[in-house]
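S.K.: with the sequence up front, the predicted model follows.
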Amino acid sequence: MKGRLPYYLLRLAVGLLAHLPWWLIHTLSRALAWLMAHLVRYRRRVIRENLRNSFPERSEAEQRQIEWDFYLQFAYNFLSTPRLLRLPPEVIMRKYFLIPDLTPLQEAVRDHRCAFACLGHLGNWELFSTGQLYFDQIGVTMDQVYRRLEDKAMDELFAEQRRRFGAQLTPKTLVVRSLVEHLREETPRRYLMAMITDQAPGVDHANYFTDFLHQPTAMLDGVERLARRYDLPVLYFDIERAGPMRFIGHFHLITSTPRELPEGEITERYARLLEATIRRDPALWLWSHKRWKRRLEHYPHATLSPSLRAMLEQ
């Protein structure tokens, strides 16, 4: 019981948040954003450096507005997610998380048992697990690849939330095993391997650099390597913000023939799509992340995109 206490306390706190009225969530979100921005100054130096380097063409006032909008969205994510994930499925699909067109996904899995979906830390990414409500309509099960949290209580709670609507979860270390199991199944069921791929790669995985938001940026290329190895289609999942708690998702096909593309092209196309999403609505992205901690000069043997080579030659 003692070892489970942190989990039960965390679950109690989340349960209390889930019962907050909407008017109070709106009020508390603005208050929490102000505290993070002006009193706690949560990762403010990281956020401002990221914004300054990513948007040199924008004035300081514009960058500060993005900063505030980010804090506000971050606060909304924290305070509204427990309640959103406990709403009836029909309410979520009608009001809070919409995927109006499943055609790109449906076509991707027509001749393949699995497809990959690349997405970023955009909007309220915890809502993505509710996408299973849509995927059930076309016989697709989502398998979310994730990295285990160090805090066991939080890891267990997040896992419960993400499985609530029927999606599966696979730790990053077991992704190949899970993928092979899906491919060997003799059922009509199809699978979508969903990966958030905008984090800074680990030291041993900073293999591919491109110009991203005006900076040499190391990109995770695991999806590309798996897609090539098993010859599976890759999609990008774009997030459009219609409100602080309302999001619209759009699938875009990156490729259905990964082995026919030059090496690095899948990762490059993903980078360009993600960059376009961020430029469209900058506050939607997770600016508090130390995204550029892998410097190009530390990886002399890394593969450079043609666009990055051109940028460095200027």
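M.R.: In hand now; what should we look at? Residues are numbered from 1 along each chain as shown.
S.K.: contacts and neighbour counts: CA atoms only from here.
M.R.: Fine.
S.K.: the spatially closest residue to L220 that is not a sequence neighbour: neighbour count?
M.R.: Spatially, and ignoring its direct neighbours in sequence, L220 is nearest to P201 (5.5 Å; Cα to Cα, 6 or more residues apart in numbering). P201 sits with 21 neighbouring residues when counted by other Cα atoms under 10 Å.
S.K.: next: H298.
M.R.: Residues near H298, counting by other Cα under 10 Å, number 10.
S.K.: got it, and F158?
M.R.: Around F158 sit 14 other residues, with neighbours defined as other Cα under 10 Å.
S.K.: and it, backbone torsions?
M.R.: The main-chain torsion angles of F158 are listed as degrees, to the nearest 10 and equal phi -60, psi -40.
S.K.: ok, now the one 5 residues further on?
M.R.: Comment: the main-chain dihedrals of R163 come out as phi -90, psi -10, following degrees, to the nearest 10.
S.K.: and it, what does it touch?
M.R.: R163 makes contacts with 129, 169, as judged by Cα atoms under 8 Å, 6 or more residues apart in numbering.
S.K.: I47 versus that one, what's the distance?
M.R.: From R163 over to I47 the distance is 31 Å, taken as Cα to Cα, to the nearest Å.
S.K.: hmm, back to that, sec struct for the residue nearest to L220, please.
M.R.: Per DSSP: H, G, I helix; E, B strand; the rest coil, the secondary structure class of P201 is coil.
S.K.: test my guess that it contacts T217.
M.R.: No: under the criterion of Cα atoms under 8 Å, P201 lies out of contact with T217, with a separation of 9.8 Å.
S.K.: which residues do the two both contact?
M.R.: Counting by Cα under 8 Å, 6+ apart, the residues touching both P201 and T217 are R294.
S.K.: so which residues of the stretch 1-150 of the chain form strands?
M.R.: For the stretch 1-150 of the chain, the strands defined by DSSP state E, counting those that start in this stretch occupy 97-98, 114-119, 140-146.
S.K.: and E60, which of those strands is closest to it?
M.R.: Between E60 and the strands of the stretch 1-150 of the chain, the shortest gap by Cα to Cα is with strand 114-119, which sits at 28.7 Å.
S.K.: tell me which other helices or strands that closest one touches.
M.R.: The contact analysis (3 or more Cα pairs under 8 Å, 6 or more residues apart in numbering; DSSP states H and E) places strand 114-119 against helix 175-184, strand 190-196, helix 222-230, strand 234-243.
S.K.: how close does the residue nearest to L220 get to F128?
M.R.: Here the distance between P201 and F128 works out to 22 Å (Cα to Cα).
S.K.: likewise for L274?
M.R.: When distance is defined by Cα to Cα, L274 is 16 Å away from F128.
S.K.: equivalent analysis for K293, please.
M.R.: With the distance defined as Cα to Cα, K293 ends up 27 Å from F128.
S.K.: and those two? Which one has more around it.
M.R.: Comparing K293 with F128 by other Cα under 10 Å, the one with more neighbours is F128, at 20 against 12.
S.K.: how close does that one sit to Y96?
M.R.: 11 Å.
S.K.: list the buried residues for stretch 222-238?
M.R.: Of the residues in stretch 222-238, those buried by neighbour count under the rule 16 or more other Cα atoms under 10 Å are 223-228, 231-238.
S.K.: and which of the residues you listed is nearest A61?
M.R.: D238 (27.3 Å).
S.K.: before we move on, the earlier item: turn the strands of the stretch 1-150 of the chain into a markdown table, columns for mean pLDDT and distance to L84.
M.R.: A markdown table is the format used below for the strands of the stretch 1-150 of the chain (pLDDT from 0 to 100; distance: least, Cα to Cα, whole Å):
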| stretch | mean pLDDT | distance to L84 |
| --- | --- | --- |
| strand 97-98 | 97 | 10 |
| strand 114-119 | 97 | 20 |
| strand 140-146 | 94 | 19 |
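S.K.: so which of those strands is the most surrounded?
M.R.: Most buried of these by mean neighbour count (mean count of other Cα atoms under 10 Å) is strand 114-119; its value is a mean of 24.
S.K.: that one vs strand 234-243, what angle?
M.R.: Orientation of strand 114-119 against strand 234-243 (axes from the mean of the first three to the mean of the last three Cα atoms, to 10 degrees) gives an angle of 40 degrees.
S.K.: and strand 114-119, which strands flank it?
M.R.: Taking DSSP bridges as the criterion, strand 114-119 sits next to strand 190-196 (parallel), strand 234-243 (parallel) in its sheet.
S.K.: residues touching the last one, excluding its own?
M.R.: Strand 234-243 is contacted from outside by 105, 108, 115-119, 122-123, 223, 227, 247-256, 258, 270, 273-274, 277, 281, 284, using Cα under 8 Å, 6+ apart.
S.K.: what does stretch 267-275 give?
M.R.: Contact partners of stretch 267-275, identified using Cα under 8 Å, 6+ apart, comprise 118-120, 210, 212-213, 219-221, 223-224, 236, 238, 254, 305.
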